[in-house]
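Asks: Pasting the sequence and the predicted coordinates here, then a few questions.
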Amino acid sequence: MIKFKSLNRSKDFLKILKRKKINTKYFTIYFDKNLTNLNKYLNISFVMKKNIGNAVTRNRIKRKLKYAVQKISKEKRLIDLNYTYVIFGKNNVYKDKFANVLYEVNETFRKIKQKGN
């Protein structure tokens, strides 16, 4: 299982937010190549805007997205460890079924891998 490592410093977030992004119905993902090669960990952060529901709703959305990424990283090697990802969740994740979210995450990481090659 791949361990997640979250970004901590605001300048790291700002650097990634200026790079490439993909919008979907469930989330917006920003990504860029790593500056350091720490291939043990997946550099990924899950972020929610404060105006989306209450804390329970936001945390549930983050949990669904984390689990989808975790499931994809186990089964298929779509997620490149040489990238840093920031995922902004949307309210649709809370309302829809997990299978739909999983499919969307899968397709998005497939697009990112194609862009990288």
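Replies: Everything's here; your move.
Asks: list the buried ones in the helix or strand hosting Q70?
Replies: Taking DSSP states H and E as the definition, Q70 sits inside helix 55-75. Neighbour counts over helix 55-75 (16 or more other C-beta atoms under 10 Å) mark T57, R58, I61, K62, K64, L65, A68, V69, Q70, I72, S73 as buried. In short, each C-beta sits where N, CA and C put it, glycine included.
Asks: quick one, what contacts the first one?
Replies: Think T57. By C-beta atoms under 8 Å, 6 or more residues apart in numbering, T57 lies in contact with N91, Y94.
Asks: hang on, the earlier thing: for the record, mean pLDDT for whichever helix or strand comes after the helix holding Q70?
Replies: Toward the C-terminus, helix 55-75 is succeeded by strand 83-89 as the next helix or strand (DSSP H and E). Averaging pLDDT along strand 83-89 gives 91.
Asks: what's the angle between strand 83-89 and helix 55-75?
Replies: 140 degrees (axes from the mean of the first three to the mean of the last three C-alpha atoms, to 10 degrees).
Asks: other SSEs contacting strand 83-89?
Replies: Counting contacts by 3 or more C-beta pairs under 8 Å, 6 or more residues apart in numbering; DSSP states H and E, strand 83-89 packs against helix 10-17, strand 27-33, strand 41-47, helix 55-75.
Asks: From the chain's centroid, how far away is the very next helix or strand once past that strand?
Replies: Heading C-terminal from strand 83-89, the first helix or strand you meet, by DSSP H and E, is helix 92-95. Computed by C-alpha atoms, centre = their mean, to the nearest Å, the chain-centroid distance of helix 92-95 equals 15 Å.
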